[in-house]
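Enquirer: Please find the sequence and the predicted model below.
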Amino acid sequence: MADIYNFSAGPAVLPHPVLVRARDELLDWQGSGMSVMEMSHRGKEFVSIAAQAEADLRELMGISSDYHVLFLQGGATSQFAMVPMNLLRDRQQADYFNTGAWSKKAIGEAKRYCTVNVAASSESTKFTTIPPRDTWKLDPSAAYVHYTPNETIGGVEFDWIPVTGEVPLVADMSSTILSRPLEVSRFGLIYAGAQKNIGPAGLTVVIVRKDLVGETLAGTPSMFDYQQHADNGSMLNTPPTYGWYLAGLVFQWLKEQGGLEAMALINQRKAGKLYAAIDASEFYQCPVDVECRSRMNVPFTLADASLDADFLAGAKAAGLLSLKGHRSVGGMRASIYNAMPEAGVAALVDFMKEFERTRG
């Protein structure tokens with residue numbers, strides 16, 4: 001079978017060795033006689049899987065004991081509500097950065113629970129840049145500051161961590177988590193849907209500083225209370241056990257690759273090669289400002305949009321899948337998460353050059 005490279009933004013490509021191991025353990029996990037899908041989440045077998053996954057994630061990211069690590073359901077979208085429900089406490093306002101589609105969704109949901117101060121926005125530039133720091137209007141009395149370090153749809157990424165003083169910083173890291181080392185201590189809360197860099201859809205990881213939980217808004221359901229999840233080891237109800245198991249395999253794979261420092265170098269090479277091909281061409285263009293281009297999601301357009309369908313059909317025939325851009329922005333998008341091998345990016349660049357030569 002010819003090599004197939006999946007550039008989907010999510011659910012996204014998983015490391016091949018992880019899939020092979022999951023296949024080999026599918027019917028019988030380590031001599032237990034059970035598939036992980038069949039195990040009780042409170043049985044010793046799965047409890048050991050869960051504990052190892054958390055330990056490996058803490059090691060990879062350098063997460064201290066000052067933080068809870070929660071494995072939840074509901075996707076990052078549920079976190080748009082859970083964050084204000086848990087972090088507002090006695091305050092009425094939160095600051096949000098508006099840098100793309102996912103920021104806008106988070107803002108819309110937060111407005112159901114508090115006054116949202118949009119401290120910075122790049123909507124006027126169609127979300128192709130990060131707002132200049134001298135335009136920010138942060139409120140020191142805000143309950144927290146929320147931002148999206150990497151906008152999956154628009155391909156805009158913060159290459160640095162905003163400074164928010166004593167106000168807790170909250171980040172939706174769904175499409176950038178584990179792609180490079182991170183100073184977790186700079187954050188009050190980090191959340192991420194799993195289906196991009198962690199594992200399959202259905203699992204959401206939340207890393208939250210312990211002093212920020214325990215005071216939810218009145219009427220908050222138990223399932224939306226971080227403290228309840230922490231008190232129950234992320235097993236307040238039956239968790240997505242197989243997704244948790246696969247995430248644990250991904251964490252082990254990352255350690256085998258050399259950890260996040262090694263992944264950062266690989267990801268920089270992949271993104272650098274793809275952006276270099278785009279910038280060297282008059283046929284392709286990336287709409288995002290150079291200084292804030294994403295390493296994970298690379299949007300680009302063709303000089304002649306009428307060729308989009310032919311480009312996608314040719315790419316598919318060449319084994320390059322899921323390159324169509326999001327419907328809200330059009331064009332193309334190559335998502336090159338941790339599990340995308342460098343060979344996949346090289347194959348895409350070769351196809352782009354050949355398509356330009358024959359159709360440009």
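Expert: Nice, I can see it.

Enquirer: surely L60 meets G259?
Expert: Yes. Using C-beta atoms under 8 Å, L60 is in contact with G259, at 6.1 Å. Where C-beta positions appear, they are placed from N, C-alpha and C, glycine not excepted.

Enquirer: quick one, which of these two is more surrounded?
Expert: Regarding L60 and G259, a neighbour count based on other C-beta atoms under 10 Å identifies L60 as having more, with 20 against 16.

Enquirer: That one and N297: what is the separation?
Expert: L60 sits at a distance of 21 Å from N297 (criterion: C-beta to C-beta, to the nearest Å).

Enquirer: for G202, same thing?
Expert: 21 Å.

Enquirer: and these two? which has more neighbours close in?
Expert: Counted by other C-beta under 10 Å, G202 and N297 do not tie: N297 has more neighbours, with 29 against 20.

Enquirer: Run through the neighbouring helices and strands of the host helix or strand of V20.
Expert: V20 belongs to helix 16-25 when assigned by DSSP states H and E. On a contact count with 3 or more C-beta pairs under 8 Å, 6 or more residues apart in numbering; DSSP states H and E, helix 16-25 meets helix 241-256.

Enquirer: average pLDDT across the helix or strand following the helix it packs on?
Expert: Once helix 241-256 ends, the next helix or strand along the chain (criterion: DSSP H and E) is helix 259-279. Taken as a whole, helix 259-279 has a mean pLDDT of 98.

Enquirer: Am I right that P181 is in a helix?
Expert: No. According to DSSP: H, G, I helix; E, B strand; the rest coil, P181 belongs to no helix; its state is coil.

Enquirer: Just give the number of residues close to the closest residue to it other than its chain neighbours.
Expert: Nearest in space to P181, with sequence neighbours left out and distances taken as C-beta to C-beta, 6 or more residues apart in numbering, is L260 at 4.6 Å. When neighbours are counted by other C-beta under 10 Å, L260 registers 21.

Enquirer: Same question for K44.
Expert: Neighbour tally, K44, other C-beta under 10 Å: 10.

Enquirer: Quick check: pLDDT value at it.
Expert: 96.

Enquirer: which stretches of this structure have low pLDDT?
Expert: Within the chain, the segments meeting pLDDT under 70 span 1-2.

Enquirer: give me that answer again for 50
Expert: 1 (pLDDT under 50).

Enquirer: Show me the domain layout of it.
Expert: Annotated domains of the chain cover 17-256, 259-359 [automatic domain parsing].

Enquirer: which one of those domains lies closest to N6?
Expert: domain 259-359 (4.9 Å; C-beta to C-beta).

Enquirer: ends of the closest one, how far apart?
Expert: 41 Å (C-alpha to C-alpha, to the nearest Å).

Enquirer: ok so, going back, quick one, which of the domains of the chain is nearest to F7?
Expert: domain 259-359 (4.6 Å).

Enquirer: How far away from the center of its chain is that closest one?
Expert: Offset of domain 259-359 from its chain centre (C-alpha atoms, centre = their mean, to the nearest Å): 18 Å.

Enquirer: Equivalent analysis for stretch 39-55, please.
Expert: Distance, centroid of stretch 39-55 to centroid of chain: 24 Å (C-alpha atoms, centre = their mean).

Enquirer: For that stretch, list the C-alpha coordinates in PDB.
Expert: The C-alpha coordinates for stretch 39-55 follow below in PDB (Å, rounded to 0.1, in the frame of the first residue of the first chain):
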ATOM      1  CA  MET A  39     -12.300  -2.900  31.600                       C
ATOM      2  CA  SER A  40     -14.100  -1.400  34.600                       C
ATOM      3  CA  HIS A  41     -12.700   2.100  35.000                       C
ATOM      4  CA  ARG A  42     -12.400   1.300  38.700                       C
ATOM      5  CA  GLY A  43     -10.600  -2.000  38.200                       C
ATOM      6  CA  LYS A  44      -6.900  -2.200  39.000                       C
ATOM      7  CA  GLU A  45      -5.900  -2.700  35.400                       C
ATOM      8  CA  PHE A  46      -7.500   0.600  34.200                       C
ATOM      9  CA  VAL A  47      -6.500   2.500  37.300                       C
ATOM     10  CA  SER A  48      -2.900   1.600  36.500                       C
ATOM     11  CA  ILE A  49      -3.300   2.800  32.900                       C
ATOM     12  CA  ALA A  50      -4.800   6.100  34.100                       C
ATOM     13  CA  ALA A  51      -2.100   6.700  36.700                       C
ATOM     14  CA  GLN A  52       0.700   6.000  34.200                       C
ATOM     15  CA  ALA A  53      -0.900   8.400  31.600                       C
ATOM     16  CA  GLU A  54      -1.100  11.200  34.200                       C
ATOM     17  CA  ALA A  55       2.500  10.600  35.400                       C
END
